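Peer 1: From the sequence below, what's the structure:
(chains A, B and C)
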Amino acid sequence: MRLHRRSFMGLMLAMSTTPRAFAQSDDSLAYFRRAKINWRQAEGQPLALGMNKHPFTESLLPLIPEFKELTGINLDYLILPENEYFTRLAADLSQKQGEFSVIMTGPMRNWQYVTPGWIDELDPFLKDPKLTDPAWYKLDDFIPGLLSANRWSGKIGAGVGEGPLYSIPVMAEGYILHYRKDIFDQYNIKVPTTIDEMAEAARLVKKHAGIAGIVARGTPNVAALATGYISGLKSYTGGEWSEIDSNMRANLHDPQAVKYTETYIDMIRESGPPNWANLQWYDAMESFAAGQAGMLGDADIFAATFEDPKRSKVAGKVGYALIPGGSGGKTIAGLWTWALGINKAAKNKTAAWLFIQWATSQRTLLRATLNYRNLNPTRTSVTTDPRVKEMIGSWGGGSYVETTKKNFETARIAWVPQPERTRLRDIRARAHHAIYFKRMSAADALKKASADLDRVLKDAGIRP
Amino acid sequence: MGNNIQRRRAQRRRSRVVLPYVLMAPAIVLLVGMVYPFAVGAYYSLTSYWLQYPQRFRFVWFDNYIELLEEPLFSQALKFTLGFTLVAVVVQVGLGIAAALFLHGRVPGRSTLRAMMLMPLMIPPVITALMWKIMMASTNAGILNHLLSYIGLGPINWFGATEAAMVSILIIDTWGNLPFVALILLGGLQALPTEPYEAARVDGAGAWDIFRFITLPLLAPFIVLVATFRTMDSLRIFDVIYATTVGGPNDATTNLHIMAYQYSFQWYQLGRGMAQGMVLLLLVVVISYLLMRMWDRAAERTPK
Amino acid sequence: MSTQASARSRLSRSAAIAVGAFILVAWTVFPFLWILLTSLKSPTDIVAVPPTFTFTPTLNNYIALLFGDQSGGGVSTTRPDFPRFFVNSVIISVGAIALSVLVGIPAAYALARFDFPLKGALAFIFMSFRFVPFIVFVVPLYLIYQRVGLHNTHLGLILAYQLISLPFTIWLLRSFFMEIPVEIQEAAAIDGCSWLGVLTRVILPLSLPGLAVTVILGFMFCWNAFNYPLMLAGRNTFPVTVGAIQFISYEQVLWGQMAAATIISALPQLILSLMVQKYIVRGLTMGAVK
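Peer 2: Numbers count the residues shown, from 1 in each chain, chains lettered A, B, ... in the order given. Reported below is the predicted structural model:
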């Protein structure tokens, strides 16, 4: 009985928090109805979403009744954790069954899906006056770099940012250095600007504070290495190096890459947690949040956890800085956006587009950020909203906002567009494990990784 | 009258020919439903099916199988599959015998203990693995390492080092399956005849001798049976590894099933993945066939 | 002297038994205990270093699990999908084992009591489906299900679960039926019973405990299945096993709710098995050996 009452009260509370930021839902409908399109043109049609378990997804769920009221579309959804989600998605896309009409994807995933023709170009939807009111939707409100990251010419090895738009970004993450400001201050440790300084800082934190100097993702799957490591390597080489050269030959064993990787893995082995090789992204994040590590070079959005005293022991103690650059001091970090796209086999594409337009509208995205901390926003109007600024402005003594802003000025998709990105990631992870466990030297391991990747690219017909 | 009986006999004879098929019919219908997807899978294993390159789909005969011989991960996965199975079966049957003997003895609260033993069987393996993963956190944040520190041990790097990860998988698998082994063996012990024991007691045999020369031989068919079951399942173990190490670190816990999963669902090379699945199936069938024959022989040897 | 020695040996025997019982209980129960404690902890207590046994218990994880996150403006919420997952698990597992038993009884009867060509082959083929790694089935099944509309349906999963429960059911029931002396069956036949009469009036009543065991074990295997529903089910049909991994979110892992889900999803099986544990042990062995 008491349970019921508490949950009921909670429900009331939850209902009352939404209108705190926004007026009644009628107003919300009025906002959408200002668009000069017929929202009810797909009335009564079913629509299925395939979504990754993500704050953005969570933010949409309570708003679904509003969407149904606005459009009369029968919305259904499937939410799975990232790994399982992509497995199910690949099954659906490849069998062309159209189980999910709207999918959650991103630039690197698009490279896999565009080549076999699994996803739709979105430009025709944007240009059709019956489907989109450009003056209301304001595509140019999206941060240009994030939007263009979702464009691709379809030419393997080049053309990111060119050609058709395949998905609309709903959140972006860049990679920055999270560090324990309190420890760094206490022991006079310098915030690192090169990989060598980083290794030194890690050593000092471990020596003085008795915790791991650095923590990082280490499992051989789940985008394990596409974040801090690759951002550091890109920066180390001043953006010159890429993992595949212009002739589509693997270049993982480039001498600079070998040197950087060696330093990086040595640092992890020496000053990192002993179980690095089994750390998922959330293990790394939680260990930092529990105050068990001095540094973490990873997604900036983890700050939402670190700065939440309910879930973190280090709230208010974290500093944010750019990933250490190379000798030139320039940092070029990697970038990822979660984005919404349309399955080519979808049956109700009008309904799908209406949903995307609604879900990526200024109002919906702002609500996602304010109520569910969907970071980082992809629309300028959300970034500059005073309530958003108030929410994240104090993080790291203001260094969070400053750092992410600076990071996004140079951050870019750090990868060569090609459909075998997942494979590349796994091959590289295996090389890292071989180096970490001292089964091979860095040079040999990366050379083998290059050879393995070359073989895959050849098998796939990407390279003759 | 006699005519009637004859007619009924004829009817029964006829029905004895047709009846079993009628009885089996629904099961056979379902069987066909199972064979069809299996056949599709087998067919894929002979093709170059790679999800994201549909235009490159062709029939390649046994190329995928031949490729395997050149795949370094395959020999590693095969070694781990077989090695893990061997160790797991030996450990689990050994501990199972000990637990069964213990529960068979005069222990207060025996039925409670037995009921309790059933509990791990009730937890889905994937949840068991997640549960243990929480407890096996490598730093002192994990409860197991924390408890070990009281007796001056650890911290153990449960999943972070290659050998430790293999052992951790073994522990989790053992927790989930030991009850099954122990309970079957316990049932076996309870079904054993009492005469040989009485005779031994009269002869004044020691406890070890009784175990070695009476219990063990009598229990042999049961042991072979649980060993067969555990072998079949250990060769195919998936959920536990998937939920903890996903095959790492450094591929130390990658078995054939995990490898086939990676090829199929992570890299979308369905042709290769299915071929690996078929190799695993072949392995399971051959090994369990050998064990079954062993069981037949053990059962024959046992005095009734 | 000798009484002293025997007293000492009795004492050491009791000590050994106590140690043995302690190890057995600790090994089996501790993980449950820890998960139970975890399910009663707040997020900060869960990540506390070192782990703590003393904390203020909270029912928030259970509330969140059953009614959705009620923390008010929380960052990551869960929808109250779990009760539905639970119901799905029940529907699919009960349906699957019911179908298996319905189909399995006549098949097992035929395999136990009749001689016919192909009998050995059929028995072997049925059994060998227990060997097949799921990976070989799941992709073709996905494809077929999408085409014929069985995808994301309870019926589809019940059919797919036959891969798990049917071979097992037939094999176990067959062993139980073979237990029953042929003489009893013949006596019934002479009395004028048809095969159906023999089955329903003699065989089934006599193997009722065995049937119960088959049902419970089959139910358990179905309840524990993870891979088939992961690929073949959808939001409306997911069972608790797939539900359990949904607590891994993009930004955090809801360990507390995952623990609560573990406890709740183990309950029906625990209750069921404790009620009939005597039969399970007997049934396991009876079926296993013959």
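
Peer 1: Now the terminal residues of stretch B:254-268, how far apart.
Peer 2: 18 Å (CA to CA, to the nearest Å).

Peer 1: ditto for stretch B:112-123
Peer 2: 19 Å.

Peer 1: low pLDDT regions in chain B?
Peer 2: B:1-5, B:7-16, B:138-140, B:299, B:301-304 (pLDDT under 70).

Peer 1: Residue of it nearest chain C, please.
Peer 2: Nearest to chain C, among the residues of chain B, is B:G187, at 2.5 Å (CB to the nearest CB). Yep, even glycine has a C-beta here, placed from its N, CA and C like the rest.

Peer 1: Give the next helix or strand downstream of the host helix or strand of that residue.
Peer 2: Assigned by DSSP states H and E, B:G187 falls within helix B:162-191. Downstream of helix B:162-191, the first helix or strand assigned by DSSP H and E is helix B:195-203.

Peer 1: Tell me which other helices or strands that following helix touches.
Peer 2: Contact analysis of helix B:195-203 by 3 or more CB pairs under 8 Å, 6 or more residues apart in numbering or on different chains; DSSP states H and E lists helix B:207-210 as its packing neighbours.

Peer 1: Go through the next helix-or-strand element following the helix it packs on and flag the buried ones.
Peer 2: Using DSSP H and E, the helix or strand that follows helix B:207-210 in sequence is helix B:216-235. By 16 or more other CB atoms under 10 Å in any protein chain shown, the buried positions in helix B:216-235 come out as B:218-235.

Peer 1: Report the angle between helix B:216-235 and helix B:162-191.
Peer 2: 140 degrees (axes from the mean of the first three to the mean of the last three CA atoms, to 10 degrees).

Peer 1: Helix B:216-235: how far from the chain's middle?
Peer 2: Its chain's C-alpha centre and that of helix B:216-235 lie 10 Å apart, by CA atoms, centre = their mean, to the nearest Å.

Peer 1: cool, stretch C:156-164 as well?
Peer 2: Here stretch C:156-164 is found 14 Å from its chain centre; the criterion is CA atoms, centre = their mean.

Peer 1: Equivalent analysis for stretch B:61-68, please.
Peer 2: On the basis of CA atoms, centre = their mean, stretch B:61-68 sits 27 Å off its chain's mean C-alpha point.

Peer 1: and if you look at stretch A:369-386?
Peer 2: That offset, for stretch A:369-386, works out to 15 Å (CA atoms, centre = their mean).

Peer 1: next one: stretch C:138-153
Peer 2: 24 Å.

Peer 1: anything in it near chain B?
Peer 2: Yes. Counting by CB under 8 Å from any CB of the partner chain, chain B has neighbours in stretch C:138-153: C:139-141, C:143-144.

Peer 1: can you put these in JSON lines and add neighbour count and secondary structure?
Peer 2: Shown next, in JSON lines, are those (neighbours: other CB atoms under 10 Å in any protein chain shown; DSSP: H, G, I helix; E, B strand; the rest coil):
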{"residue": "C:V139", "neighbour count": "26", "secondary structure": "helix"}
{"residue": "C:P140", "neighbour count": "20", "secondary structure": "helix"}
{"residue": "C:L141", "neighbour count": "27", "secondary structure": "helix"}
{"residue": "C:L143", "neighbour count": "17", "secondary structure": "helix"}
{"residue": "C:I144", "neighbour count": "17", "secondary structure": "helix"}
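
Peer 1: the domain parsing of chain C - what is it?
Peer 2: C:2-67, C:82-289 (automatic domain parsing).

Peer 1: looking at these, which is buried most?
Peer 2: Most buried of those, by mean neighbour count (mean count of other CB atoms under 10 Å in any protein chain shown): domain C:82-289, with a mean of 20.

Peer 1: and which of the residues of stretch C:138-153 next to chain B is nearest to chain B?
Peer 2: C:P140 (3.7 Å).

Peer 1: In terms of pLDDT, where does the closest one sit?
Peer 2: pLDDT recorded at C:P140 is 88.

Peer 1: you'd agree it is up against B:S45?
Peer 2: No. Between C:P140 and B:S45 there is no contact, the gap being 11.1 Å when judged by CB atoms under 8 Å.

Peer 1: what's the distance between the nearest residue to B:M122 once chain neighbours are set aside and C:Y279?
Peer 2: Counting by CB to CB, 6 or more residues apart in numbering or on different chains, the nearest residue to B:M122 once its immediate chain neighbours are dropped is C:Q269, at 3.8 Å. In this view, C:Q269 and C:Y279 are 15 Å apart by CB to CB, to the nearest Å.
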